[in-house]
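Novice: based on what follows, work out the 3D shape:
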Amino acid sequence: MDNRGLCCGQQLNIMAAAFANYLGEGMSIDQLSLLSAFLQAVGESLDVIAASKQLCAGNENDTGA
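Specialist: Coordinates of the predicted model:
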């Protein structure tokens, strides 16, 4: 069984938590809340971009048959 994806996901999760701790150092609760909302919106926008690219790539491969 190939575990490379699992390890990569774990490393990414650790990096994200460490980065969040670094960014949040010295911030107020209101500042943390605003940053969290902003980054969540960025993540959702990136998801929409990825989904639209995948959809467009699928349409390019559609032969109409």
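Novice: mind pulling up the pLDDT for residue 64?
Specialist: Looking at residue 64, its pLDDT stands at 56.
Novice: ah, wrong one, I meant residue 5
Specialist: Residue 5 is assigned 55 on the pLDDT scale.
Novice: point out where this structure drops to low pLDDT.
Specialist: Counting by pLDDT under 70, the ranges of the chain that qualify are 1-6, 60-65.
Novice: measure the one residue sitting closest to the centre of it to residue 49 for me?
Specialist: Centroid check for the chain by C-alpha atoms, centre = their mean gives residue 43 as the closest residue, at 4.9 Å. Per C-beta to C-beta, to the nearest Å, residue 43 is found 11 Å from residue 49. Bear in mind the C-beta positions are built from the backbone N, C-alpha and C, glycine included.
Novice: tell me how far the longest helix seen in the chain lies from the chain's centre.
Specialist: The residue-count maximum for a helix in the chain (DSSP state H) belongs to helix 29-60. The chain centroid and the centroid of helix 29-60 are separated by 7 Å under C-alpha atoms, centre = their mean, to the nearest Å.
Novice: just give the number of residues close to residue 8.
Specialist: When neighbours are defined as other C-beta atoms under 10 Å, residue 8 has 10 of them.
Novice: next one: residue 25
Specialist: With other C-beta under 10 Å as criterion, residue 25 counts 7.
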